[in-house]
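K.L.:
return atomic coordinates for the entry below.
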Amino acid sequence: MSEAWLIGYVKNPTGVPFSISYVTNGGSWSEVGASTYTRASGVGLPDETMISKEGFCFAGWFESSDLTGQPLAAIAPESTGDKKLYAKWATPMEISTVEEYLAFVKAVNGGNSHRDKY
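P.N.:
I've put the predicted structure just below:
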C-alpha cells in the first residue's frame, strides 16, 4: 500500500457521504432520488419512472449544465465530491412508417437494425 494512496484514503474515507443535488429543468418528481452517496458504494440515479415532464421524454442526467457528454445512470463507487446533476428532456419522436421505425431501432442499437432477424 503506497503512502499517497493511504493519505488519499484518510482524506476521503469510504463512509463519508457526499451530496447530490438535481436540477430538474421543469420536471416533476413522482419519487425523489437519493440525496447522498458514499465512495464505498456509489448510488443509482432516478430514471424515467421517478421523474417526468409533460410532453417530453426523460433523456438522462448530466454533470454539465449544457447537457453534453454521456448521460449517467449511476454514480460509480470510488467517486468523490458533491454532485450537481441536470435533467435532459427530449421531444418524443413520432414514427409513422416502417422505415422510420427501422432507423430508430438502428440508432438505439448502435447501428444494428436487427432487420436480418425478422
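
K.L.:
contacting residues around the residue nearest in space to the middle of the chain?
P.N.:
Most central residue of the chain, judged by C-alpha distance to the mean C-alpha position with Cα atoms, centre = their mean, is Leu72 at 2.6 Å. Counting by Cβ atoms under 8 Å, 6 or more residues apart in numbering, Leu72 makes contact with Leu45, Gly60, Trp61, Phe62, Glu63, Leu85. Where you see a C-beta, it was placed from the backbone N, CA and C, and this is true even at glycine.

K.L.:
just the buried ones from these?
P.N.:
Judged by neighbour count, with 16 or more other Cβ atoms under 10 Å as the criterion, the buried members of the contacts of Leu72 are Leu45, Gly60, Trp61, Phe62, Leu85.

K.L.:
could you report the pLDDT at Ala107?
P.N.:
Note on Ala107: pLDDT of 73.

K.L.:
that's a strand at it, yeah?
P.N.:
No - when DSSP: H, G, I helix; E, B strand; the rest coil is applied, Ala107 is found to be helix, with no strand at that position.

K.L.:
on that earlier part again, any chance of CSV for the buried ones among the contacts of Leu72, columns secondary structure?
P.N.:
Conversion of those to CSV gives the following (three-state DSSP):
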residue, secondary structure
Leu45, coil
Gly60, strand
Trp61, strand
Phe62, strand
Leu85, strand
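
K.L.:
looking at the residues you listed, which is nearest Ser30?
P.N.:
Proximity to Ser30 was ranked across the buried ones among the contacts of Leu72 by Cβ to Cβ; first place goes to Leu45, at 14.6 Å.
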